[in-house]
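Enquirer: My questions concern the predicted model and sequence given below.
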Amino acid sequence: MSTSNNPSSAGQSLDDAITAVKGGLTAAPAANQIDSWIGMLDLNGPGSQGEISLELKNLKDYISTNDSANIAHTLDALGQLATRAADEDVDEEIRTKLLQLGETLTGASTSLLK
């Protein structure tokens with residue numbers, strides 16, 4: 001994340017994302033919240049940032065059209081990207097939060113498909 005030079009800010013942003021996803025898919029993040037997450041990423045930044053940003057844009061589009069199959073697919077992709085980002089050059093606190101976010105996103109994807 002472009003906030004990686006400020007681990008405290010990045011950590012809080014990850015906590016907010018985890019809380020939003022755990023809130024249940026009936027309380028899906030608002031478009032402005034997704035825009036905020038996209039704004040924190042550097043499209044040309046290192047690692048997974050560009051891919052995560054693209055998937056967040058897809059998620060926003062799918063939520064606006066209530067396309068649950070593609071929402072589930074995008075949540076799973078975001079979960080995999082978050083888990084992969086945890087293996088990038090991040091401090092231990094951010095790594096732990098990225099792993100938790102990845103697990104939460106993948107779980108949300110699975111529950112949506114049931």
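Expert: Good, I have the coordinates.

Enquirer: residue contacts, the residue nearest the centre of the chain?
Expert: In the chain, the centroid-proximal residue (CA atoms, centre = their mean) is residue 78; its distance is 5.5 Å. Applying CB atoms under 8 Å, 6 or more residues apart in numbering to residue 78 gives the contacts 52, 55-56, 59, 105. C-beta: built from backbone N, CA, C; applies to glycine.

Enquirer: if you set the cut-off to 7 Å instead, what comes out?
Expert: Shown in contact with residue 78 (CB atoms under 7 Å, 6 or more residues apart in numbering): 52, 55, 59, 105.

Enquirer: repeat for residue 99
Expert: Neighbours of residue 99 in contact, by CB under 7 Å, 6+ apart: 83, 86.

Enquirer: Buried ones in the longest helix seen in the chain, by neighbour count?
Expert: In the chain, with assignment by DSSP state H, the single longest helix is helix 92-113. Neighbour counts using 16 or more other CB atoms under 10 Å place 94, 97-98, 100-102, 104-106, 108-109 of helix 92-113 among the buried residues.

Enquirer: Now flag whichever of those residues is closest to residue 36.
Expert: Distance to residue 36, by CB to CB, is smallest for residue 101 among the buried residues of helix 92-113, at 15.2 Å.

Enquirer: Helix, strand, or coil at the closest residue to the closest one other than its chain neighbours?
Expert: Sequence neighbours aside, residue 82 is the residue nearest to residue 101 in space, at 4.6 Å (criterion: CB to CB, 6 or more residues apart in numbering). Classification of residue 82 using DSSP: H, G, I helix; E, B strand; the rest coil returns helix.

Enquirer: separation between residue 82 and residue 66?
Expert: Distance from residue 82 to residue 66, counting by CB to CB, to the nearest Å: 24 Å.

Enquirer: just residue 74 next, same as before
Expert: Distance of residue 74 to residue 66, computed by CB to CB: 13 Å.
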